[in-house]
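Asker: Turn this into a structure:
(one chain, ligands or ions: 1)
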Amino acid sequence: MAGLFITFEGGEGAGKTTIARMIVDQLRKEGYTVELTREPGGVDIAEQIRDVIVNKDNTAMDPKTEALLYAASRRQHLVERVLPVLELNGIIICDRFIDSSLVYQGIARHIGIEKVYQMNLFATEEIMPELTIFFDLDPQIGLKRVRDNNREINRLDLESEKFHQEVYEGYKTIAAMFPDRIKTIDASLSVVEVYDQAMNLIRKYL
Ligand code: TMP
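Answerer: Sure thing, here's the model as predicted:
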């Protein structure tokens, strides 16, 4: 497949969205065709699935149901949003992808990395990003940022500190499992410094 598929990963409040927007602006100024999108969501059907997933009233959500919903959302988003950009030889930056499921569902919800990975292969047909940037940030700092920024609190934000700590440890585990694809940056630094780290990595793939 032509084009360049990049994903950003990390816990809540790690700054992925802010940095992604800055990078897209810069690359567009330089003349690249680049699109920014996010999971779960990004296209209408996937956004509808997202609403079910993040709804605070859905306290009865079973972990495997949740994993399947993420995979369903991923499939729709891949077909409608990611593949068309790659087919036109463009760059697509996606805020979360399969690694979020490996970590949140596989590790933090205890389904198992391998089971979640296998289940996702049906959705992705083994299409993987060329580069995944892990925004490494202590979850306590990330959650404080979310609270301070007054971002809307969703069902996932309401999880215990232990859950967010497991997510954080989970990211470090999968970063070690896939060292060629997943590159770690220090997300505790200033916005400019985090941007520079991410951009330097991306430039190696342009
Ligand atoms: P967001 O807040 O970054 O938009 O993501 C919504 C939440 O969904 C976030 O807590 C991470 C979670 N998530 C999963 O648990 N599994 C997944 O596969 C994805 C894409 C997100």
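Asker: what does the protein put close to the ligand?
Answerer: Glu12, Glu39, Pro40, Tyr70, Arg96, Ser100, Ser101, Tyr104, Gln105, Leu156 (CB under 6 Å from any ligand atom). Any C-beta I mention is one placed from the backbone N, CA and C, and that applies to glycine too.
Asker: Of the residues you listed, keep whichever come out buried.
Answerer: Of the members of the residues of the chain next to the ligand, the ones counted as buried by neighbours, 16 or more other CB atoms under 10 Å, are Glu12, Glu39, Pro40, Tyr70, Arg96, Ser100, Ser101, Tyr104, Gln105, Leu156.
Asker: Make TSV out of these and add pLDDT.
Answerer: Rendered in TSV, the data for these read as follows (pLDDT from 0 to 100):
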residue	pLDDT
Glu12	91
Glu39	93
Pro40	85
Tyr70	97
Arg96	97
Ser100	98
Ser101	98
Tyr104	96
Gln105	97
Leu156	69
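Asker: Which residues does the longest helix anywhere in the chain contact?
Answerer: Among the elements of the chain assigned as helix by DSSP state H, the one spanning the most residues is helix 161-177. For helix 161-177, the surrounding residues in contact (CB atoms under 8 Å, 6 or more residues apart in numbering) are 9-12, 99, 102-104, 106-108, 113, 134, 136-140, 142-143, 182, 184.
Asker: Name the residues of it that come out as buried.
Answerer: By neighbour count, with 16+ other CB under 10 Å as the criterion, the buried positions of helix 161-177 are His164, Glu166, Val167, Tyr168, Gly170, Tyr171, Ile174, Ala175.
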